[in-house]
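>>> Compute the structure for the input listed below.
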Amino acid sequence: MPHNLTAKIEEIVTVILPVKRYFEKCLDLSESQELQYGFDSQAPLSFNLHYHQKGEINYTFKEDSIDELENTFQPVKKGLLLFPMGKFRKRKG
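Reported below is the predicted structural model:
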């Protein structure tokens, strides 16, 4: 079981990431719950939502260069969802 697993009903998380660092949160969601998530970054970062099933990584959302996002995820069935973000890149110019 992941060490950073949470099953809280409601939680607001604020993360400040230094350049070239990452953050990952594991969530235990049921089909009756939804995840509202978003961020605003000063520099583009990579962000995805994914889960593991039978040794495969399944992405529900994946973006390699994004600096802001507001979205909602509704699981189809109960399971663990991984919520990683990071690996900032400096903007060119």
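
>>> where in this protein is pLDDT low?
1-9, 80-93 (pLDDT under 70).

>>> hmm, try it at 90
By pLDDT under 90, the weakly predicted segments of the chain are 1-46, 49-58, 60, 73-93.

>>> And the strands in it, which stretches?
Secondary structure of the chain, counting by DSSP state E: strands at 5-6, 22-29, 35-53, 56-73, 79-86.

>>> Can you name every helix or strand that the longest one contacts?
Right, the one you point to is strand 35-53. When contacts are defined as 3 or more C-beta pairs under 8 Å, 6 or more residues apart in numbering; DSSP states H and E, strand 35-53 packs onto strand 56-73, strand 79-86. Every residue, glycine included, has its C-beta placed from N, CA and C.

>>> picking up where we left off before, which of the strands of the chain sits closest to residue 12?
Counting by C-beta to C-beta, residue 12 lies closest to strand 35-53 out of those; the figure is 9.9 Å.

>>> I'd like the helices and strands packed on strand 35-53 as TSV, with mean neighbour count and distance to residue 28 appended.
As requested, those are exported to TSV (neighbours: other C-beta atoms under 10 Å; distance: least, C-beta to C-beta, whole Å):
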stretch	mean neighbour count	distance to residue 28
strand 56-73	12	13
strand 79-86	18	6
